[in-house]
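> The amino acid sequence is not available; the structure is as follows:
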């Protein structure tokens, strides 16, 4: 295997250091549905999802993170008519190989947990 080592990348107008590209890019993300069945729409570095119950999903990573000190960002969900049916995405557990999150209506309580049509999770940090 060969390595290509460069310090900057340019589009012909603007240059950026490769450190920003490598270190600043999401190492995993997933767009998914939980309202009917738990289904991945699209993803990078997510091998599967685990449905843990209403609004409770674990994203299983293909390649592990180097530690649990990564950044998690969760996206909101809408139903098929466009009305907001979920307002909070909260990470409930993390390991180097997975990230568990819950989607809620208005507050973080088990009675408000809900499945949603559109969900998104991104993970930023260092891969193992």
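Okay, I see it. As the structure is a prediction and not an experimental result, all values here were calculated from the model. Numbers count the residues shown, from 1 in each chain.

> which secondary structure elements does the helix or strand of the chain with the lowest mean pLDDT contact?
Sorting the helices and strands of the chain by mean pLDDT, DSSP states H and E puts helix 18-24 at the bottom, at a mean of 81. Counting contacts by 3 or more CB pairs under 8 Å, 6 or more residues apart in numbering; DSSP states H and E, helix 18-24 is packed against strand 8-10. In short, each C-beta sits where N, CA and C put it, glycine included.

> What's the first helix or strand after the least confident helix or strand of the chain?
Using DSSP states H and E, the helix or strand that follows helix 18-24 towards the C-terminus is strand 28-33.

> Contacts for that next one next, please.
Contact with strand 28-33 is made by 38-46, 49, 57, 59, 61-62, 65, 99, 116-123, as judged by CB atoms under 8 Å, 6 or more residues apart in numbering.

> try 7 Å
With contacts defined as CB atoms under 7 Å, 6 or more residues apart in numbering, strand 28-33 is touched by 38-46, 49, 59, 61, 117-123.

> Pull out the buried positions in the least confident helix or strand of the chain.
Buried residues in helix 18-24, counted by 16 or more other CB atoms under 10 Å: none are found.

> same question, stretch 31-50
Buried residues in stretch 31-50, counted by 16+ other CB under 10 Å: 31, 32, 33, 34, 35, 38, 43, 45, 46, 49.

> now stretch 54-66
For stretch 54-66, burial by neighbour count (16+ other CB under 10 Å) applies to 55, 56, 57, 58, 59, 60, 61, 65.

> Which helix or strand contains residue 42?
strand 39-44.

> List of residues touching that strand?
For strand 39-44, contacts defined as CB under 7 Å, 6+ apart pick out 28, 29, 30, 31, 32, 33, 46, 49.
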